[in-house]
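J.: Quick one, what's the 3D model for this:
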Amino acid sequence: IVEGMDKLLSRESVTLEDVLADSHVIAELASRSTMLIDFLLTDDQFQRLLSYISSLPTDGPAEQRIKYPYVSCEVICVGEPRIMDKMSEAAHLETLFGLLDEDPAVLDSCKEGRYALGYFEKILQKLLQVRTQRILRYLKERGAATLDRLLKHIQSRAVTELLTVLLQPGAALDGLLADD
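T.: Alright, predicted model coming up:
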């Protein structure tokens, strides 16, 4: 598998889409392919990867609307430490949370919107598992405005599940209520 991915990544004109279309990308990431991780962590590629999740694709081929957002989410949720570190940076979290600025009716009216909220929830759940303090610090710094953004999408099953985790007694948001 590595030989195929290494060959793909050594091409001069390789794109993120080429990587996301490769059926072995998740296995390669799970096996900690340094070449793949380095490629994904470049600022341009990571921002593009995140854009597949944080912006709502309503037109274009199915790969752009369905496959690339799904694979992008899976790439992030493999849990590779350097990817988790980059994803937990405030700028990237803000990009991810930008999805919540979409009109709830628009997100709820199409499968791509419901999928995007599901990917949002899955990534935050993973980040809460592996980068808890960074995520809590981000939420605390943004205060009630971020909670309001989440509550705006309360009709979404994914957001409701995320809020359930965040609001459980003794769970993640207890840290938000404490004074520094």
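
J.: check which helix or strand covers D85.
T.: helix 81-87 (DSSP states H and E).

J.: which parts of that helix are buried?
T.: By 16 or more other CB atoms under 10 Å, the buried positions in helix 81-87 come out as 83-84, 86-87. (Glycine included, C-beta is placed from N, CA and C.)

J.: repeat for stretch 134-152
T.: 134-139, 142, 146-147, 149-150, 152.

J.: Show me the two of those that sit farthest apart.
T.: R134 and K152 (23.7 Å; CB to CB).

J.: Output the longest helix belonging to this protein.
T.: Identified as the longest helix of the chain according to DSSP state H is helix 111-130.

J.: Name the next helix or strand following that one along the chain.
T.: Next helix or strand after helix 111-130 toward the C-terminus (DSSP H and E): helix 132-142.

J.: Rounded mean pLDDT for that next one, please.
T.: The average pLDDT within helix 132-142 is 89.

J.: change the start of the numbering to 41 and stick with it
T.: From this message on, residue numbering opens at 41, which makes the last subject helix 172-182.

J.: helices and strands around it, which ones?
T.: If contacts are counted by 3 or more CB pairs under 8 Å, 6 or more residues apart in numbering; DSSP states H and E, helix 172-182 sits against helix 130-137, helix 151-170, helix 214-217.

J.: repeat that with 7 Å
T.: When contacts are defined as 3 or more CB pairs under 7 Å, 6 or more residues apart in numbering; DSSP states H and E, helix 172-182 sits against helix 214-217.

J.: who touches T200 in this structure?
T.: Taking CB atoms under 7 Å, 6 or more residues apart in numbering as the criterion, T200 is in contact with I194.

J.: Widest-spaced pair of the buried residues of helix 121-127?
T.: M124 and K126 (7.4 Å).

J.: Find the nearest non-adjacent residue to D99, please.
T.: Excluding the flanking residues, the one nearest D99 by CB to CB, 6 or more residues apart in numbering is R105, at 7.5 Å.

J.: how about that neighbour, secondary structure?
T.: Per DSSP: H, G, I helix; E, B strand; the rest coil, the secondary structure class of R105 is helix.

J.: got the end-to-end distance for stretch 133-147?
T.: 19 Å (CA to CA, to the nearest Å).

J.: ditto for stretch 179-193
T.: One end of stretch 179-193 sits 17 Å from the other (CA to CA).

J.: what's the answer for stretch 115-130, then?
T.: Termini of stretch 115-130 sit 19 Å apart (CA to CA).
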